[in-house]
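Participant: let's see this in three dimensions:
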Amino acid sequence: MTSINRTPLLQGTDSDLEDNDIQESLTAKDNKPLFKPLEPRDRFYAVYVIFYVLGIVTLLPWNFYITANDYWMYKFRDTLVHDHTVTGSEVKNKTTLQAEFTSYITVASALPSLLFLILNAFISHKISASKRILGSLICMLVLMLVTLAFVLIDTDKWQYSFFMLTLAIIVLLNVCSAILSGSVFGIVGNFSPVYITATIGGQALGGIFAAVAEIVSLAIGASSTHSALVYFSIGNSTIILSIVLYIILTKTVFYKYHIEDKFVSISDFGTSSSTAQLVCHKEVARKTWVYGLSMFLVFGISLCIYPGVAALVQSENKGNGSKWNDVYFVPTITYLLFSVGDYLGRIGAGKILKPRNESVLLILSLSRFVFIPLLMLCNAQPRSNWGVFFDKDYQYIIILFLCAISNGYLANLSAILAPKKVDDFEKEAASLMITVFMGVGLALGAGISLVMVKLL
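Facilitator: Down below sits the predicted model:
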């Protein structure tokens, strides 16, 4: 901010100059606070827990849709071969809809997420975070209730129409998810890194939560539809809980300290010389582009082969009559193990915070490209082009777990370090920008995943 020349036309005395210097120093040239109250305590770690839950819900539609593999295999089975008594896990020869549905989910999730993550960055100063978060949560709940209702509807005679309708619901759900994710990361950027880790850790924990819910549903359900009914009911209950918790969050003193006006500014003492600083997104991008590119590479590479290709990987002993191989292998290994590895990676990044060197981080993110051919060479079925090189279950497990833990570690490291590169008033913009880079990676990776499935 350009300082105003307050020196009178007639030169004043030394004391006048000293008074003028004091006044200039009190003027908030960079809008830094004059008085800073003591930071309140996060009592019972309530805010930390709520951010964890919000992190879970930001990706809840994605996690719950891709993990419900048994349900989708049942819905899109060949009805001329398999009747209503067959479960999704008992279907051996996949139809085109069954084989490609996971990849289509990925595309239908990533593209609207990208568009609305970008839109959210521009509307964040026009619509309050509370309105964006509560609005997206309520819309998400309505759409998930519609998903729950379709579990009880026989769609065998209009499978393709149900397929298109499901994709439309996924698009709308991910619009809500993108607005919610961008808004949550925007506000959590104002807190210490441990709360950013909680939110990102919550996203990874959401994958574990969805996978465990699917496994429990399969274990207690008599059929694919009954299992799905339990499964999606758990999802809806989680969204309702998050709405309640967010309302509680906005009432806490700890939250208000970090989000609302925390400081007594100089204007409170009778001067209006302090002006608000405007965020220059170009300047924020200049400071954080390496972290953004790293985030783009991490998610772009992961989405090329997960979950589209990974969901098709079968156990080496599939068809031998074992429930582990036929029913629980995909939800336990492909979804639960990946989510656990992703979660451990994110938690590890929050504690270690290394490497801090931007170039090293970028090289590590780029090196994950090796996981694309490695997973393509696992036992994914059906396939007609690539041969199977890693045909053992343990080989697939090692490759998938390394892919997962590196995904979580490098993604969280980028998200934590980016806000540290900017000034305080730019932190929200930096966090939003990183989520946009993530969205671009998701969208590109999702599009490539369709190609990868067809190349098998």
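Participant: list the buried residues in stretch 70-83.
Facilitator: Buried positions in stretch 70-83, judged by neighbour count with 16 or more other C-beta atoms under 10 Å: 70, 71, 72, 73, 74, 75, 76, 77, 82. No exception for glycine: its C-beta is placed from N, CA and C like everyone else's.
Participant: redo those as TSV? Include secondary structure.
Facilitator: Output for the buried residues of stretch 70-83, formatted as TSV (DSSP: H, G, I helix; E, B strand; the rest coil):
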residue	secondary structure
70	helix
71	helix
72	helix
73	helix
74	helix
75	helix
76	coil
77	coil
82	coil
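Participant: residue 325: which of these is nearest?
Facilitator: Minimum separation from residue 325 among the buried residues of stretch 70-83 (C-beta to C-beta) is found for residue 70, which lies at 13.9 Å.
Participant: how near is residue 236 to residue 144?
Facilitator: Plainly put, residue 236 is 5 Å away from residue 144 if you go by C-beta to C-beta, to the nearest Å.
Participant: returning to that earlier point: which one of the buried residues of stretch 70-83 sits closest to residue 393?
Facilitator: Among these, and counting by C-beta to C-beta, the member closest to residue 393 is residue 70, at 19.0 Å.
Participant: ok now do residue 255, which residues does it touch?
Facilitator: With contact set as C-beta atoms under 8 Å, 6 or more residues apart in numbering, residue 255 has these partners: 47, 249.
Participant: secondary structure element for it, which one?
Facilitator: Residue 255 is part of helix 253-259, with elements assigned from DSSP states H and E.
Participant: flag the shaky bits of the chain, pLDDT-wise.
Facilitator: Flagging of the chain using pLDDT under 70 yields the residue ranges 1-37, 82-92, 121, 124-125, 221-222, 260-277.
Participant: could you rerun that using 50?
Facilitator: For the chain, residues meeting the criterion pLDDT under 50 lie at 1-32, 261-276.
Participant: residue 41 contacts residue 48, correct?
Facilitator: No. Counting by C-beta atoms under 8 Å, residue 41 stays clear of residue 48, with 11.4 Å between them.
Participant: looking at the two, which one has more neighbours?
Facilitator: Legend: neighbour count by other C-beta atoms under 10 Å for residue 41 and residue 48, higher for residue 48 (16 against 10).
Participant: show me the contacts for the more buried one.
Facilitator: 42, 194, 195, 198.
Participant: what's the burial count for the second one?
Facilitator: Translated: residue 194. By the criterion of other C-beta under 10 Å, residue 194 has 15 neighbours.
Participant: same deal with residue 360?
Facilitator: A count of nearby residues for residue 360, using other C-beta under 10 Å, gives 11.
Participant: how far away is it from residue 452?
Facilitator: From residue 360 over to residue 452 the distance is 28 Å, taken as C-beta to C-beta.
Participant: mind checking how far residue 123 is from residue 437?
Facilitator: For residue 123, the distance to residue 437 under the criterion C-beta to C-beta works out to 18 Å.
Participant: so how far is stretch 413-426 off the chain centroid?
Facilitator: Distance, stretch centre to chain centre, for stretch 413-426: 18 Å (C-alpha atoms, centre = their mean, to the nearest Å).
Participant: just stretch 237-250 next, same as before
Facilitator: Distance, centroid of stretch 237-250 to centroid of chain: 18 Å (C-alpha atoms, centre = their mean).
Participant: using PDB, write out every CA atom in that stretch.
Facilitator: Output of stretch 237-250 as PDB, limited to C-alpha atoms (Å, rounded to 0.1, in the frame of the first residue of the first chain):
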ATOM      1  CA  SER A 237     -26.900 -41.400   8.100                       C
ATOM      2  CA  THR A 238     -23.300 -40.100   7.800                       C
ATOM      3  CA  ILE A 239     -24.400 -37.100   5.800                       C
ATOM      4  CA  ILE A 240     -27.100 -36.200   8.300                       C
ATOM      5  CA  LEU A 241     -24.500 -36.400  11.100                       C
ATOM      6  CA  SER A 242     -22.200 -34.100   9.200                       C
ATOM      7  CA  ILE A 243     -24.900 -31.500   8.800                       C
ATOM      8  CA  VAL A 244     -25.500 -31.500  12.600                       C
ATOM      9  CA  LEU A 245     -21.800 -31.400  13.300                       C
ATOM     10  CA  TYR A 246     -21.100 -28.500  11.000                       C
ATOM     11  CA  ILE A 247     -23.800 -26.400  12.600                       C
ATOM     12  CA  ILE A 248     -22.200 -27.200  16.000                       C
ATOM     13  CA  LEU A 249     -18.700 -26.300  14.500                       C
ATOM     14  CA  THR A 250     -19.800 -22.800  13.500                       C
END
